[in-house]
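> Sequence plus predicted model, see below.
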Amino acid sequence: MSNQTPPVAEMKPKVLTTHGHERVDNYFWLKERENPEVISYLEAENSYTDAMMKHTEPLQEKLFQEITGRIKKDDASVPYFDRGYYYYTRYEGGKEYPFYCRKKGSLQAEEEILLNVNEMAEGFSYYRVVGLRISPDNMMLSFGVDTLSRRQYTIHVKNLKTGEILPDAIANTTGSAAWAADSKTFFYTQKDHTLRAYKISRHTLGQKEDQVVFEEKDPTFSTFVYTSKSNRYIIQGSYSTLSHEYRFLDAENPMGEFSVIHPRERNLEYDVWHYGDQFYIKTNDNAQNFRLMKAPVSAPGKSNWTEVIAHRDDVLLTGIDIFNDFLVVSERKGGLKQIRIMNQKSGEEHYLPFEESAYFASTTTNVDFETEQLRYRYSSLTTPMSTFEYNMKTKEKKLLKQTEVLGGFDKSKYVTERVEATAKDGTKIPVSIVHAKSVKKDGTNPTLLYGYGSYGNSMEAYFRSTIISLMDRGFVFAIAHIRGGQEMGRSWYEDGKLLKKKNTFTDFIDCGEFMIAEKYADPDRLFGLGGSAGGLLIGAVINMRPDLFNGVIAAVPFVDVITTMLDEDIPLTTSEYDEWGNPNVKEYYDYILSYSPYDNVEAKDYPNILITTGLHDSQVQYWEPAKWTAKLRELKTDDNRLLLYTQMDAGHGGASGRFEAYRETALEYAFLLDLAGIED
């Protein structure tokens, strides 16, 4: 390993005062994105990382070839039928980007390539296409393009009859459009300087002037627009952490005015689905775990909501799919996803059977009201993602596609289980575990513990083909389903946010200690992984228990929490006051300051740390991990590795190509394997 001297960022003290409390930030200047000194520092850190990891380059290349070698090069999604066409996405050979395609009437018909993203991406270091939407007459395709990785998409429109890209290009959008019934009018969402989606406009093909139909004035709310599954309505929504509001417009009357379903109320969340003359409404109104209501389209306000599915203390209602004869309900119970089939005519109901102890299941593309066939996906830590078609009447199911894993993968060589760790306050924390069957619970195994624990996002136990490269080298992989997610219901989320946020961090610590105590993990070879808000988790945990982990990976980590949440010009700040707390209120300022990873770096020993970021990250600005790295270098008292790797051409999601993104995965795994003493 190289003995190269690490870069040292210049200290330029800046005093920050809030509520009469002073903080000195020596690295505040790293926010200056256009400052050549900042770019030089990031490049110096990259050079240092390259030098420190140079001895692992053969291993990195081997890992990259392993990981990408498991991916079927010529592959395609399961086609779905919509308005006369079968739609699917396919890949060719070693090409980095997809082909979006369709066939008219039959899968034996001639293929029509809607977009060849490989051609479109030529000459760009980053290229991403999102939000493909077909007009009702099947003639126009709208789509969003981002070439910087800031999630600021330009909407383009392609005439599918002539192949022409129309001059209608709309910049700084979320990338998705909602078509009206006339196939020449669509609605779209634009972003403000903080990248908050704040404005809905109406565009008519060929016209230069667009009309604003809604502007979200409250900076704690964001907005969106889509077409209902029935294609009858344009639905516009606004949301914050604690409140939702929806409006609707007849798609046959795109020049009309939107009507509100129910005005926003503090702490009232609801989502809507249209069917027939009703709106189905999932809401937390008098229902912490949500219940299902319905209301007439003619009078959809809350006073007219009638109950379809009551609230249950032990079941979280997450969503629905509506068919003429069936209502399909997505739920979560005991930390696991469930799919409930309700026959709306007979009143009979049943659940899809899932046999593994830890798994992921969800409905997928279901565009037809008339069908008895439900499309759903299933996966586990040992079962590749599988798409099924299930007859809701006969209960027969058919496997349409299972992701093919090349390289001789055999699921019988691995075992998955779901266990419970006990938190300090007695709460049982689910942990999903997978490892090779040959691994013994004898306290000698290198172990990677992954967590997130924010926004109510549940970390699912689905198949991750990359992990095979760790498991085949003796690693145990575990997911800690810590509070702040929503695995165990809405209360699980609420017990890991705002003034209870530290539960998230202590849960992860308790799960790590559990892995050691139960002899899954070698205490000297336990590693932690988290990204974005999961990077905050990692940062807080190594401040609290720096001795627990041999090494950690913090990907695009949100670690400068207090300074970021005080800056309303940074993306995501105002909309997340109800997640972290508004530090302009002293109670929240004091609490956030007590765990913010950057503010709590101390002169002490830390584990080995690999930090990754992207210069153009729109979610967590690059300077947070850069500042954190600089402060750790200044204060830490150990000789362990501290590496910062910045993707200079990418953002929050890393590289855009199908294969190239795994270069960073190979770097991360080489970092772990090297620390674990595994050379090959």
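That came through, no problem.

> Just give the closest residue to the residue nearest to the spatial centre of the chain, not the sequence neighbours.
Closest to where the C-alpha atoms of the chain average out (C-alpha atoms, centre = their mean) is N457, at 8.1 Å. Distances taken as C-beta to C-beta, 6 or more residues apart in numbering place G485 nearest to N457, at 5.9 Å, with adjacent residues excluded. Heads up, the C-betas are built off the backbone N, CA and C, glycines and all.

> in this structure, what spans have low per-residue confidence?
Scanning the chain with the threshold set as pLDDT under 70 gives 1-3, 571-572, 618, 650-656.

> circling back to that earlier point, isn't the residue nearest to the centre of the chain right up against H481?
No. Counting by C-beta atoms under 8 Å, N457 does not reach H481; the two are 11.0 Å apart.

> Do a quick rundown of the strands in the stretch 551-680 of the chain.
Applying DSSP state E, counting those that start in this stretch to the stretch 551-680 of the chain gives strands spanning 551-555, 608-614, 642-647.

> and the first one, what other elements does it pack with?
Using 3 or more C-beta pairs under 8 Å, 6 or more residues apart in numbering; DSSP states H and E, the elements in contact with strand 551-555 are strand 526-531, helix 533-544, strand 608-614, helix 662-675.

> so the residue nearest to the centre of the chain is in which element?
Of the helices and strands defined by DSSP states H and E, none includes N457.

> so R525 touches G443, yeah?
No. In this structure R525 lies outside contact range of G443 using C-beta under 8 Å: 10.1 Å.

> Please identify which of these two sits among more neighbours.
Applying other C-beta atoms under 10 Å to R525 and G443 shows that R525 carries more neighbours, namely 22 against 15.

> I'd like to check which residues are in contact with that one.
445-447, 550, 675-677 (C-beta atoms under 8 Å, 6 or more residues apart in numbering).

> Narrow these to those that are buried.
445-447, 550, 675-676 (16 or more other C-beta atoms under 10 Å).

> In terms of helix, strand or coil, where does P300 fall?
coil (DSSP: H, G, I helix; E, B strand; the rest coil).

> count of neighbours near it?
Counted with other C-beta under 10 Å, P300 comes out at 22.

> how far away is it from E257?
15 Å (C-beta to C-beta, to the nearest Å).

> Adding distance to G512, write the helices and strands packed on strand 551-555 out as CSV.
CSV is the format used below for these (distance: least, C-beta to C-beta, whole Å):
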stretch, distance to G512
strand 526-531, 6
helix 533-544, 8
strand 608-614, 15
helix 662-675, 15
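
> Against G347, how distant is A361?
As judged by C-beta to C-beta, A361 and G347 stand 24 Å apart.

> neighbour count winner among these two?
A side-by-side neighbour count of A361 and G347, using other C-beta under 10 Å, places A361 first with 20 against 7.

> you'd agree that one is up against L352?
Yes. In this structure A361 lies within contact range of L352 using C-beta under 8 Å: 7.1 Å.

> follow-up on the earlier one: and which of the buried ones among the contacts of R525 is nearest G20?
Comparing the buried ones among the contacts of R525 against G20 with C-beta to C-beta places N550 closest, at 40.9 Å.

> Who are the contact partners of the closest one?
Counting by C-beta under 8 Å, 6+ apart, N550 touches 524-527, 607-608, 675-676.

> Determine which two of the residues you listed are furthest apart.
P607 and A676 (12.9 Å).

> Now flag whichever of the contacts of N550 is closest to T466.
T466 lies nearest to F527 out of the contacts of N550, by C-beta to C-beta, at 14.8 Å.

> quick one: that closest one from S469, how far?
Separation of F527 from S469 (C-beta to C-beta) stands at 14 Å.

> before we move on, what about F514?
25 Å.

> secondary structure class for the residue in the chain sticking out farthest from the centre?
Centroid-distance maximum for the chain: S346 at 38.1 Å, with C-alpha atoms, centre = their mean. Under the three-state scheme (three-state DSSP), the conformation of S346 reads as coil.

> how about the helices in the chain?
Under the criterion DSSP state H, the chain contains helices at 36-52, 57-69, 117-120, 468-471, 490-494, 502-517, 533-544, 561-565, 577-580, 586-595, 623-635, 662-675.
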